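Asker: Below: sequence and its predicted model.
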Amino acid sequence: MMRLKQIGSDHIEERAKDEVRASLIIFTALCATIRLAPFLIRKFAA
């Protein structure tokens with residue numbers, strides 16, 4: 001059976017890719033913050 005692509009599905013796929021990319025950037029930034037937080041706290045507390 002042949003699947004037909006709906007009109008506008010390309011736009012939806014591009015938007016989904018952008019959302020995934022943004023989520024990965026936010027996740028990476030949060031991980032970096034969590035990893036660096038103890039060092040920064042020690043540095044500023046001293």
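Answerer: Sure thing, it's come through.

Asker: For burial, what's the neighbour tally of residue 32?
Answerer: 10 (other C-beta atoms under 10 Å). (Each C-beta comes from the backbone N, C-alpha and C, glycine too.)

Asker: just to confirm, which helix or strand has it in it?
Answerer: Assigned by DSSP states H and E, residue 32 belongs to helix 9-45.

Asker: per-residue confidence averaged over that helix?
Answerer: The average pLDDT for helix 9-45 rounds to 90.

Asker: now that helix, how far from the chain's geometric center?
Answerer: Counting by C-alpha atoms, centre = their mean, to the nearest Å, helix 9-45 is centred 5 Å from the centre of its parent chain.

Asker: can you check stretch 37-46 too?
Answerer: 27 Å.

Asker: From residue 19, how far off is residue 26?
Answerer: Separation of residue 26 from residue 19 (C-beta to C-beta, to the nearest Å): 11 Å.

Asker: ignore the last one, residue 37
Answerer: Applying C-beta to C-beta to residue 37 and residue 19 gives a distance of 27 Å.

Asker: And for residue 13?
Answerer: Applying C-beta to C-beta to residue 13 and residue 19 gives a distance of 11 Å.

Asker: How about residue 31?
Answerer: Distance, residue 31 to residue 19, by C-beta to C-beta: 19 Å.

Asker: One more: residue 28?
Answerer: 15 Å.

Asker: go on, residue 42?
Answerer: 36 Å.

Asker: how deep is residue 41 tucked in, by neighbour count?
Answerer: For residue 41, the neighbour count with other C-beta under 10 Å is 10.

Asker: whoops, residue 23 was the one
Answerer: 10.

Asker: Please apply the same query to residue 28.
Answerer: Other residues close to residue 28 by other C-beta under 10 Å number 10.
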